[in-house]
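Enquirer: using only what follows, build the 3D model:
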Amino acid sequence: MKKYLAEFFGTMFLVLLACGSAVFAGPSIGGLGIGLCFGLVLVCLCYAIGGISGCHVNPAVSFGVWLTGGMSTKDFIWYVVAQMLGAALGAAFLYWVVIANPDFHYGGTTGDFYLATNVLQPGATPAMALMVEALLTFFFVFIVLGATSRVGNASLAGVAIGLGFGLVNIVGIPVDNCSVNPARSFGPALMDPAAFGDFWIMVVGPLFGALVAAVVWRGLCSRKAKEAA
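Expert: Have a look, this model is predicted:
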């Protein structure tokens, strides 16, 4: 139960603080600043709850770990449930702050409401966003699998994972505000249903990217084992 609670609170903080950086300070810090905030929040969470749950806080990461045999099917299901619920609570906190302070100048507009939702940005197409989400998630989940493996540097895993997450956000924000995390997309979309039109991209792209990362990583591990033999 402790690991599920860790995933719940970890994902809540990820949405509250990382998405909050876009909501409260988007115009002043820009895409680079928002991306760095996402990365820094994840670095903090990795060292706070990594020893309890592994700090997935992302269904795509859990999917990749499950595919590579790093967790049971039961844990995978409950991790995803905890992550979705945590993201919903984090987005709800942001929503309550925004509606309680309607005169504050928030970060931008997405439909009638802004909550750092993952929607296509001007000029981006669904095919483009789908490819970007898949490629960026492939990169990110590959980092997670490698940094936390026996051949990785465990003491610096949190730094590598956080930097990787920040990097993919910096690259992906101009396309669709960057997801690479279905839970991160789900929470804000609950508060702004207009975002659900693009939500499928934020599920299919990351899960496919995680699948490719798992396949590639398992292939590399198998090859290394053969070479060692």
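Enquirer: okay, CA-based contacts and neighbour counts for the rest of this
Expert: OK.
Enquirer: what's the closest non-adjacent residue to the residue nearest the centre of the chain?
Expert: Residue closest to the mean C-alpha point of the chain, counted by C-alpha atoms, centre = their mean, is Asn181 at 3.4 Å. With sequence-adjacent residues excluded and distances taken as C-alpha to C-alpha, 6 or more residues apart in numbering, Asn181 is closest to Asn58, at 5.3 Å.
Enquirer: that older thread, now the residue nearest to the centre of the chain, what are its backbone angles?
Expert: phi -160, psi 100 (degrees, to the nearest 10).
Enquirer: how about Leu120?
Expert: The phi/psi pair for Leu120 (degrees, to the nearest 10) is phi -60, psi 130.
Enquirer: tell me who's in contact with the residue lying closest to it once chain neighbours are set aside.
Expert: Excluding the flanking residues, the one nearest Leu120 by C-alpha to C-alpha, 6+ apart is Asp176, at 4.4 Å. Applying C-alpha atoms under 8 Å, 6 or more residues apart in numbering to Asp176 gives the contacts Asn118, Val119, Leu120, Gln121, Ala124, Ala129.
Enquirer: show me what contacts the fourth one?
Expert: Put plainly, it is Gln121. Here Gln121 is in contact with Pro174, Val175, Asp176, Asn177 (C-alpha under 8 Å, 6+ apart).
Enquirer: repeat that for 10 Å
Expert: Shown in contact with Gln121 (C-alpha atoms under 10 Å, 6 or more residues apart in numbering): Thr110, Ala129, Ile173, Pro174, Val175, Asp176, Asn177.
Enquirer: please apply the same query to the fifth one.
Expert: If a contact means C-alpha under 10 Å, 6+ apart, then Ala124 has Pro174, Val175, Asp176 as its contacts.
Enquirer: hang on, the earlier thing: which one of the contacts of Asp176 sits closest to Gly166?
Expert: For the contacts of Asp176, the closest approach to Gly166 (C-alpha to C-alpha) belongs to Asn118, at 15.9 Å.
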